[in-house]
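**Q** pasting the structure only:
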């Protein structure tokens with residue numbers, strides 16, 4: 001079974017020991033959000049504006 005690129009990115013981040021990912025929600029990243037939701041090692045923190053993420 002082929003994995004989506006978004007699932008491969010999540011796998012990579014998990015292998016690198018990343019625990020938190022900050023980002024903006026939107027229709028262009030829906031596949032990434034779906035992949036993050038299946039991860040047990042990553043926590044996605046949604047922000048409303050880029051400056052808040054900093």
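**A** Arrived safely. Keep in mind that what you see is a predicted model, and the values were worked out from it rather than measured. Numbering: from 1, shown residues only.

**Q** Nearest residue to residue 34 in space, please, no chain neighbours.
**A** residue 6 (6.9 Å; Cβ to Cβ, 6 or more residues apart in numbering). The C-beta positions use only the backbone N, C-alpha and C, and glycine is treated the same way.

**Q** Over to that neighbour. Which of the three states is it?
**A** helix (DSSP: H, G, I helix; E, B strand; the rest coil).

**Q** List the residues that contact the closest residue to residue 19 other than its chain neighbours.
**A** Nearest non-adjacent residue to residue 19, counting by Cβ to Cβ, 6+ apart: residue 43, 6.4 Å away. Residue 43 is in contact with 19, 20, 21, counting by Cβ atoms under 8 Å, 6 or more residues apart in numbering.

**Q** what residue ranges in this structure score low on pLDDT?
**A** 53 (pLDDT under 70).

**Q** and the end-to-end length of stretch 42-54?
**A** 19 Å (Cα to Cα, to the nearest Å).

**Q** how far does that stretch sit from the chain's center?
**A** 11 Å (Cα atoms, centre = their mean, to the nearest Å).
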